[in-house]
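In: Sharing a model prediction with you, sequence too.
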Amino acid sequence: MSHNELRRDLAAFMAAREAELIEFRRDLHMHPELAHSEVRTTAKIVDRLKSVGLEPRILSSGTGLWADIGDPSVPAVALRADIDALALMDEKNVPYASRVPGLCHACGHDAHTTILLGAGIFLAEQAARGRLPGRVRLLFQPAEEVVEGALVAMRDGAINDVERLFALHCDPRFEVGTVGLRDGPITGACDKIMVRLTGPGGHTARPHLTADLVYALGKIVTELPAALSRRVDPRSSLSLVWGKMSAGSALNAIPEVGMAAGTVRCLDEDAWHQAPDLLKALLNSVANAYGVVAELEYIRGVPPAVNDTGCVEILQEAVEEAIGPDAATLAQQSLGGEDVAWYFESIPGALARLGTRGIGTPTDLDIHQANFDIDEKALGIGVKVLATAALIALGNGALPETVEVSQAS
């Protein structure tokens with residue numbers, strides 16, 4: 001397929017399907033489902049894929065699925081979307097606002113799902129016309145918000161025989177029509193830690209006769225983040241931020257137990273692997289100085305998502321080809337976790353930031369907010385980028401005909 005043919009086919013596809021895709025996205029938006037509970041969402045996707053002749057495979061957890069397009073005897077290129085929603089009240093005044101109290105798609109997963117569905121239908125049509133030079137796997141992943149769904153999918157074999165993986169994530173910081181790209185780390189590791197201190201307790205009039213647990217807890221809360229900044233390369237962006245702490249119930253009694261909990265985030269994989277041992281050593285050094293016993297519970301979340309250089313180059317070409325020469329822009333790194341990172345530890349891949357901010361939309365709008373929404377023109381842009389990236393990847397990095405890139409409709 002030539003560049004001109006691809007642009008023409010994508011433009012015709014979106015002209016015919018845009019209204020259907022918007023309707024599909026709005027239906028998902030009205031019926032959000034939490035992680036591991038995406039039963040209705042899964043069924044909707046399965047039905048639509050079957051209607052174009054595909055054979056979806058539902059994950060063993062009961063939600064989420066994948067479906068292959070093309071020659072099953074060759075390695076695949078995977079396109080991934082997440083399908084779960086958030087436990088957040090939808091405060092938008094729109095006809096398609098959430099109908100489920102306390103739940104909404106405030107992270108754009110309804111858009112991701114719709115975009116992948118659209119790209120899949122387009123590629124299935126191309127395959128039927130003999131224009132798909134290989135195999136594409138459509139991976140609709142559950143439970144991203146609890147950073148578990150990728151591991152479920154991998155245990156089920158979702159990336160077996162997959163050579164590369166591409167994904168998009170809505171980003172209201174970018175205007176619709178632009179796509180943010182970045183080589184290397186793009187999202188951070190996100191782990192949880194809980195510290196529990198114990199001591200003999202005592203009277204606040206005589207702290208020298210016991211262990212002043214509250215003072216020790218204060219030292220731990222302030223000194224651990226500061227110590228990390230001197231023990232780890234600052235380029236790793238290793239960050240410890242506390243979100244919860246408690247100790248005692250009486251103002252004149254030194255308590256026997258106290259706790260603090262927070263998150264550890266990082267952009268460097270080596271620093272991420274070293275973090276538990278380093279934090280344990282620093283914690284013990286502070287606790288020992290004040291005569292308290294410290295216990296550390298370190299809960300792994302997700303590693304950094306590190307974009308592969310070759311995959312970013314494919315996305316760059318896809319954005320320029322499908323949208324226009326000025327559509328690609330630099331994405332900033334984020335310390336937010338994204339479980340697409342689990343795939344990237346096993347196979348090359350890249351996550352891009354899809355611009356969703358429309359004209360007149362406040363520039364401070366962010367994901368995970370109760371009023372989050374997208375400019376629905378972004379759906380067609382996402383479909384074009386993902387479908388084009390898959391075709392470029394199957395063609396070993398380039399479409400067969402070289403022509404000057406022009407703005408696509």
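Out: Good, I have the coordinates.
In: buried sites along the helix or strand hosting residue 299?
Out: Assessed by DSSP states H and E, residue 299 sits inside strand 293-302. By neighbour count with 16 or more other CB atoms under 10 Å, strand 293-302 contains the buried residues 294, 296, 301-302. Where C-beta positions appear, they are placed from N, C-alpha and C, glycine not excepted.
In: now stretch 64-78
Out: Going by neighbour count (16+ other CB under 10 Å), the buried part of stretch 64-78 is 64-70, 76-78.
In: Give me the buried stretch members for the biggest helix by length in the chain, please.
Out: When every helix of the chain is counted residue by residue (DSSP state H), the longest turns out to be helix 3-30. For helix 3-30, the neighbour count (16+ other CB under 10 Å) marks 3, 6-7, 9-10, 13-14, 17-18, 21-22, 24-26, 28-30 as buried.
In: contacts for stretch 223-234?
Out: 238-242, 268, 271, 274, 278-279, 282-283, 286 (CB atoms under 8 Å, 6 or more residues apart in numbering).
In: Just confirm residue 104 contacts residue 32, I think it does.
Out: Yes: with contacts counted by CB atoms under 8 Å, residue 104 reaches residue 32, the gap being 5.4 Å.
In: Next, show the common contact partners of the two.
Out: 85-86, 90, 98.
In: of the residues you listed, closest to residue 307?
Out: residue 86 (24.7 Å; CB to CB).
In: Could you give the number of residues near the residue nearest to that closest one when sequence neighbours are not counted?
Out: Computed as CB to CB, 6 or more residues apart in numbering, the closest residue to residue 86 that is not its neighbour in sequence is residue 106, at 4.9 Å. For residue 106, the count of nearby residues is 26 (other CB atoms under 10 Å).
In: cool, and the one 3 residues further on?
Out: For residue 109, the number of neighbouring residues by other CB under 10 Å comes to 29.
In: repeat for residue 262
Out: Neighbour tally, residue 262, other CB under 10 Å: 20.
In: Which of the buried residues of stretch 64-78 fall in strands?
Out: Residues from those lying in strands, with DSSP state E as the criterion: 65-70, 76-78.
In: Just flag the most distant two among the contacts of stretch 223-234.
Out: Spanning the widest gap among the contacts of stretch 223-234 are 268 and 286, at 24.1 Å by CB to CB.
In: Hey, what's the angle from the helix or strand where residue 278 lies to strand 293-302? Just curious.
Out: In the assignment (DSSP H and E), residue 278 maps to helix 269-289. When axes from the mean of the first three to the mean of the last three CA atoms, to 10 degrees is applied, the directions of helix 269-289 and strand 293-302 differ by 170 degrees.
In: buried ones in helix 269-289?
Out: Buried, per 16+ other CB under 10 Å, within helix 269-289: 269, 271-272, 274-276, 278-279, 282-283, 286-287.
In: Relative to residue 384, which of those is nearest.
Out: Closest to residue 384, out of all of the buried residues of helix 269-289 and judged by CB to CB, is residue 269, at 31.9 Å.
In: does the closest one really touch residue 303, like I thought?
Out: Yes: assessed by CB under 8 Å, residue 269 is found in contact with residue 303 at 6.0 Å.
In: how near is the nearest residue to residue 55 once chain neighbours are set aside to residue 340?
Out: Nearest non-adjacent residue to residue 55, counting by CB to CB, 6+ apart: residue 67, 6.4 Å away. Residue 67 sits 19 Å away from residue 340, going by CB to CB, to the nearest Å.
In: With residue 183 instead?
Out: As judged by CB to CB, residue 183 and residue 340 stand 15 Å apart.
In: higher neighbour count, those two?
Out: Higher neighbour count among residue 183 and residue 340: residue 340, with 26 against 17, using other CB under 10 Å.
In: Next, the contact list for that one, please.
Out: Under the criterion of CB under 8 Å, 6+ apart, the neighbours of residue 340 are 80, 144, 150, 165, 167, 187, 305, 349, 351.
In: Let's see that with 6 Å instead.
Out: 167, 305, 351 (CB atoms under 6 Å, 6 or more residues apart in numbering).
In: Also residue 186?
Out: By CB under 6 Å, 6+ apart, the contact set of residue 186 is 305, 307, 351.
In: now the residues you listed: which count as buried?
Out: Neighbour counting with 16+ other CB under 10 Å marks 305, 307, 351 as buried within the contacts of residue 186.
In: Quick one: those residues as JSON lines, columns for pLDDT too.
Out: As requested, these are arranged in JSON lines below (pLDDT from 0 to 100):
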{"residue": "305", "pLDDT": "97"}
{"residue": "307", "pLDDT": "98"}
{"residue": "351", "pLDDT": "98"}
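In: So which of those is the closest to residue 138?
Out: Minimum distance to residue 138 across the buried ones among the contacts of residue 186 is 16.4 Å, recorded for residue 351 (CB to CB).
In: Can you classify the closest one as helix, strand or coil?
Out: Three-state call for residue 351 (DSSP: H, G, I helix; E, B strand; the rest coil): strand.
In: For it, which non-adjacent residue is spatially closest?
Out: Leaving aside its sequence neighbours, residue 351 sits nearest to residue 167 (CB to CB, 6+ apart; 4.9 Å).
In: And residue 204, how close does it get to residue 343?
Out: 53 Å.
In: Kindly report the same for residue 41.
Out: For residue 41, the distance to residue 343 - CB to CB - is 20 Å.
In: go on, residue 250?
Out: 51 Å.
In: Between these two, which has more neighbouring residues?
Out: With neighbours defined as other CB under 10 Å, residue 250 and residue 343 compare such that residue 343 has more, 26 against 8.
In: need the strands for the stretch 51-200 of the chain, in chain order.
Out: Assigned by DSSP state E, counting those that start in this stretch, the strands in the stretch 51-200 of the chain fall at 57-58, 65-70, 76-82, 135-141, 162-175, 179-181, 184-187, 189-198.
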